[in-house]
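# Predicted model, plus sequence, below.
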Amino acid sequence: MRADLQAAELQAKAAGQAAKAASGNLKPEVGLELGAGTLRQSWHQGGTWTWAAVGVKWKVFSGPDRAKSNAAHAQARAAEDMRTFKQQQAEHEVRVAREALRAAEAKHAAAREALAASEESKRLREARHREGLTPLTDVLDAEAARQGARTLLLQSLYDLRTARAALDLATGAPIEGVTP
């Protein structure tokens, strides 16, 4: 999984937990206190007592606590929206990278065919020149076309490797075997 998606996921979880904690401040609190005591001057004189107390505290109309809770919930929604956006963005990047890879593969295949065709053209023009049927300039033109096709092949190979690296980056895979 991509690091930016992991970070967005963790931020959304943290914001959700913060919203839960802020909402907890608005819930009632119940406390129970139990006790026992004794006051004796000797074993036979004095008294012993026990007590129990129950207390309830509820911040029903606490404006600051309610505002904190609302803000925390808004942050949680924003973090979740950001996580969703980053997920959609990553999916889009993967689709675009796959299309670019397909295009680069097609370009590379076409460049290989162009190189093969230019080599065959050069071979035919050299043979015709040896027979005296074409001038030397045609052979030189064929050689220039062959060099252009080789350049196109090298450029398409570069584009192909770049497209593969872009797909690896988009999917979060190691790029050409190198892990971050």
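Thanks, I have it. Numbering: from 1, shown residues only.
# Surely residue 43 is within a strand?
No: per DSSP: H, G, I helix; E, B strand; the rest coil, residue 43 lies outside any strand segment and is coil.
# What backbone torsions are found at it?
phi -70, psi -30 (degrees, to the nearest 10).
# Likewise for the one 5 residues further on?
The phi/psi pair for residue 48 (degrees, to the nearest 10) reads phi -130, psi 140.
# which strand residues sit across from it in the sheet?
Here residue 48 sits in beta bridges with residue 38, as judged by DSSP bridges.
# what's the neighbour count on it?
Counted with other C-beta atoms under 10 Å, residues neighbouring residue 48 total 9. For the C-beta atoms, the positions are set from N, CA and C on the backbone; glycine is no exception.
# contacting residues for it?
Residues in contact with residue 48 (C-beta atoms under 8 Å, 6 or more residues apart in numbering) are 36, 37, 38, 40.
# Tell me where this structure has strands.
For the chain, the strands defined by DSSP state E occupy 29-40, 46-57.
# Residue 76: which of these is closest?
Taking C-beta to C-beta, strand 29-40 is the member of the strands of the chain nearest to residue 76, at 23.1 Å.
# Report the buried residues of the closest one.
By 16 or more other C-beta atoms under 10 Å, strand 29-40 has no buried positions at all.
# same question, stretch 97-117
Neighbour-count burial for stretch 97-117, with 16+ other C-beta under 10 Å as criterion, is recorded at 97, 100, 101, 104, 107, 108, 111, 114, 115.
# so who does residue 171 touch?
Neighbour list for residue 171: 2, 94, 97 [criterion: C-beta under 8 Å, 6+ apart].
# if you set the cut-off to 10 Å instead, what comes out?
By C-beta atoms under 10 Å, 6 or more residues apart in numbering, residue 171 lies in contact with 1, 2, 90, 93, 94, 97, 98.
# avg pLDDT for the lengthiest helix in the chain?
Taking DSSP state H as the criterion, the chain has its longest helix at helix 63-130. For helix 63-130, mean pLDDT is 94.
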